[in-house]
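Enquirer: need coordinates for the below:
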Amino acid sequence: MVDVTQIKEHLEVVGSDGGHVGRVDHVLGDQIELAKLDLAGGFKHHMIPVSWVTSVDDDAVRLSLTKDEAKARWTEKPH
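Expert: Got it, this is the predicted structure:
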């Protein structure tokens, strides 16, 4: 289990293939909200579950899914 307190605002979120998924806006419970102002997210807030995270380091939050898998399964934050 990943220590959620290590997931910091502005960290890059990358897929298991090294592809850019987005940037962390903040953590809401067991969900990570990705920043709206990111080209990869189409300038919308998206939510991904913390359960997808395999590791967190100084540079990035690393996921168990590829970039394309994560984008196919993320959810758009309701307004």
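Enquirer: now do the SS call for the residue nearest the centre of the chain.
Expert: Central residue check for the chain by CA atoms, centre = their mean: the C-alpha nearest the mean position is that of residue 13, 4.6 Å away. Recorded secondary structure, residue 13: strand (DSSP: H, G, I helix; E, B strand; the rest coil).
Enquirer: that one against residue 27, yeah?
Expert: No: with contact defined as CB atoms under 8 Å, residue 13 does not count as touching residue 27 (11.6 Å). From N, CA and C alone the C-beta is placed, and that goes for glycine too.
Enquirer: circling back: next up, the contacts around the residue nearest to the centre of the chain.
Expert: By CB atoms under 8 Å, 6 or more residues apart in numbering, residue 13 lies in contact with 20-24, 32, 34, 48, 60-61, 63, 70.
Enquirer: what sits opposite it in the beta ladder?
Expert: Note on residue 13: beta-bridge partners by DSSP bridges are residue 22, residue 61.
Enquirer: pLDDT score assigned to the residue lying closest to residue 43 once chain neighbours are set aside?
Expert: Distances taken as CB to CB, 6 or more residues apart in numbering put residue 36 closest to residue 43, at 5.9 Å, once the chain neighbours are dropped. Per-residue pLDDT puts residue 36 at 89.
Enquirer: quick one: residue 36 is in a strand?
Expert: No: applying three-state DSSP, one finds residue 36 to be coil, outside a strand.
Enquirer: pick out the most distant pair among the contacts of residue 13.
Expert: 20 and 32 (14.6 Å; CB to CB).
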